[in-house]
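In: Dropping a prediction and its sequence here:
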4 protein chains.
Amino acid sequence: MQGNWFRHVLRVRYQETDQMGVVYHANYLNWFEIGRTELIRRLGKPYTEIEALGLLLPVTELEVKFRAPARYDDLVAIYTRIVELTHLRTGFEYEIRRAQPPAHVEPGFAPREESGREGVFPEGEFLVGGKTRHVWVNRSFRPQRLDKMAPDIYRLLRQEGS
Amino acid sequence: MQGNWFRHVLRVRYQETDQMGVVYHANYLNWFEIGRTELIRRLGKPYTEIEALGLLLPVTELEVKFRAPARYDDLVAIYTRIVELTHLRTGFEYEIRRAQPPAHVEPGFAPREESGREGVFPEGEFLVGGKTRHVWVNRSFRPQRLDKMAPDIYRLLRQEGS
Amino acid sequence: MQGNWFRHVLRVRYQETDQMGVVYHANYLNWFEIGRTELIRRLGKPYTEIEALGLLLPVTELEVKFRAPARYDDLVAIYTRIVELTHLRTGFEYEIRRAQPPAHVEPGFAPREESGREGVFPEGEFLVGGKTRHVWVNRSFRPQRLDKMAPDIYRLLRQEGS
Amino acid sequence: MQGNWFRHVLRVRYQETDQMGVVYHANYLNWFEIGRTELIRRLGKPYTEIEALGLLLPVTELEVKFRAPARYDDLVAIYTRIVELTHLRTGFEYEIRRAQPPAHVEPGFAPREESGREGVFPEGEFLVGGKTRHVWVNRSFRPQRLDKMAPDIYRLLRQEGS
């Protein structure tokens, strides 16, 4: 299963650097989280609404490959897609790439961080790639069948992945 | 001295919450930093270029008042202005307010995070206010006179504050 | 009101540094939190038990002065004391100082992070000082009278401060 | 290659939780880093001294499996061992387990965070396991042969792993 790539651009924060002068490696996991959050929002369902149903989506497994470091103030693009969907589990794949500042930015103006469904292959210098697997659980961390607990969300994810 | 307010909007990250269900209080300091970074960028000089000159701007004092908590996925507006400028020191004031999602967002689309000089008074529910003072130093943390080391930056800040 | 100083030693983490090569300033707020948590634990009541009663202690105001930076792998001592106590509010004062590695450490062994009530004045190079004020609230962030909701905790804090 | 397990105990910080009420998943990477730092220190060489030689050890790959969440104020044991060593690369394996408070703690006293070479198999409830691979580089992120640049450190790691 391989859904469409979604793209979300953000700017690297000073707080995300460490004394090596690059982004501290754990912060890429925050960016992965932002990637899947924005993907789910774009499907039409903010993650806050899902949590309000009592459904949580903790990470059960992850893997990351680091090729090149992002640096302070870089614009980075987070590409995210769904690569697994069962009744209990959902899996995502990510690519972090250096983004070009948009061409239309006037001098003295900040390029806006943006979110969008590209429908195209990731572009820009490859920095970090990764995958996460998740299980749907309730507030007591008991696994829940997504197709039963929230059939509309299950359908949105299923459509996206097919 | 009181410069114009600058506005930068961002979305609260899951990682920024704590088990009280709200944003962990130290994260507002990161947002203040983003506020002054974007203000300086809008003046025409990314902070990366300033650091490339060997000039750093560490915080020497800060104070914060917390009125109401920001929550996960909220859009918050960071308002920032310059309130002090000497040859050695720069001071900023901040207001964090809940931002309204822009009216023009189509269903299923994420409101973009945005940066802009408003030239107007902060609006939206007041959450957190604060001030920071900074000293210009070199890489050995020795104080530096900004008007001598980087007269163009000094002039930009001075014009903004007047 | 001025309680006794409590001392808690910890080691600076790599993740706590930024590209200035020193501890990112917002992290001192985490250390303040650790300081007051360990103080309350030493009084005989872990903060987890207090939260289990439905009582939270969010920060309402804080101020910090930064004199010298802590660096990666430094041992730092967090000194904490109670400086305000009413039925609704509690205030703490903090000093972060560079700690000497304990004399008794054998080569190749890590000095242990330690927690202790010193009953003496803070010592070691002064790095950062600060104060925080807090209000006792319930899970809906409504203010609560500590002396009514948890009289034993109120008594412990009162005894400590007198 | 499989070195001895080293053990380092720490207490979960409030700042490390998120609104799920458990430790935010990216923080386990910080703990892995603390684990390998303390292992290297125990071998007789603080990582600060290694960086002072101009050698950095960025992560190139990692994988993590999450079984059960750590919670605020838990004592957790980080078990770390070396599982790969070439002239250019070093690999570590980790287990995060819930630690028992030491038996000797008097009421009202904090169990000390501790660091020690156990020489025994990890014990306590298994929470999270992982592996990281690293490459030795200089400040320009060019790969460096550890056996040439720092033969004493290479020897320490080699002895540990055999």
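Out: Good, I have the coordinates. Only a predicted model underlies this, so the values are computations on that prediction, with no experimental measurement involved.
In: Check residue A:102 and give its pLDDT.
Out: You'll see residue A:102 listed with a pLDDT of 59.
In: Spell out which residues of chain A are next to chain C.
Out: Residues of chain A that fall close to chain C, judged by Cβ under 8 Å from any Cβ of the partner chain: A:14, A:15, A:17, A:18, A:19, A:20, A:21, A:22, A:24, A:26, A:72. In short, each C-beta sits where N, CA and C put it, glycine included.
In: From those residues, list the ones also adjacent to chain B.
Out: For chain B, the contacts drawn from those by Cβ under 8 Å from any Cβ are A:14, A:15, A:72.
In: which regions of chain A sit below the pLDDT cut-off?
Out: A:101-114, A:117-120, A:162 (pLDDT under 70).
In: Which residue ranges of it form helices?
Out: A:27-42, A:47-52, A:146-149, A:151-161 (DSSP state H).
In: Now the terminal residues of stretch A:43-51, how far apart.
Out: Terminal residues of stretch A:43-51 lie 16 Å apart, using Cα to Cα, to the nearest Å.
In: How about stretch A:144-152?
Out: 15 Å.
In: Report the buried residues of it.
Out: Judged by neighbour count (16 or more other Cβ atoms under 10 Å in any protein chain shown), stretch A:144-152 contains these buried residues: A:144, A:146, A:147, A:149, A:150.
In: returning to that earlier point: nearest to residue C:83, out of the residues of chain A next to chain C: which one, please.
Out: Nearest to residue C:83 among those: residue A:15, at 28.9 Å, using Cβ to Cβ.
In: Which residue is the nearest non-sequential neighbour of that closest one?
Out: residue B:30 (4.6 Å; Cβ to Cβ, 6 or more residues apart in numbering or on different chains).
In: show me what contacts that neighbour?
Out: By Cβ atoms under 8 Å, 6 or more residues apart in numbering or on different chains, residue B:30 lies in contact with A:13, A:15, C:26.
In: cool, and residue A:22?
Out: Applying Cβ under 8 Å, 6+ apart to residue A:22 gives the contacts A:69, A:70, A:71, C:19, D:58.
In: now, which of the residues you listed sits nearest residue C:49?
Out: Closest approach to residue C:49 among the contacts of residue A:22 (Cβ to Cβ): residue C:19, at 39.8 Å.
In: bridging residues for the closest residue to that closest one other than its chain neighbours?
Out: The shortest distance from residue C:19 to any non-neighbouring residue, by Cβ to Cβ, 6+ apart, is to residue A:17 (4.0 Å). Note on residue A:17: beta-bridge partners by DSSP bridges are residue A:23.
In: and residue A:17, how many residues sit next to it?
Out: Residue A:17 sits with 23 neighbouring residues when counted by other Cβ atoms under 10 Å in any protein chain shown.
In: And residue A:44, by the same measure?
Out: 13.
In: Surely it and residue A:159 touch.
Out: No: between residue A:44 and residue A:159 there is no contact under Cβ atoms under 8 Å: 10.3 Å.
In: Report the central residue of chain A.
Out: Closest to where the C-alpha atoms of chain A average out (Cα atoms, centre = their mean) is residue A:35, at 1.7 Å.
In: burial count for the residue lying closest to it once chain neighbours are set aside?
Out: The shortest distance from residue A:35 to any non-neighbouring residue, by Cβ to Cβ, 6+ apart, is to residue A:80 (3.5 Å). Using other Cβ under 10 Å, residue A:80 is surrounded by 29 other residues.
In: follow-up on the earlier one: quick one, which of the contacts of residue A:22 are buried?
Out: A:69, A:70, A:71, C:19.
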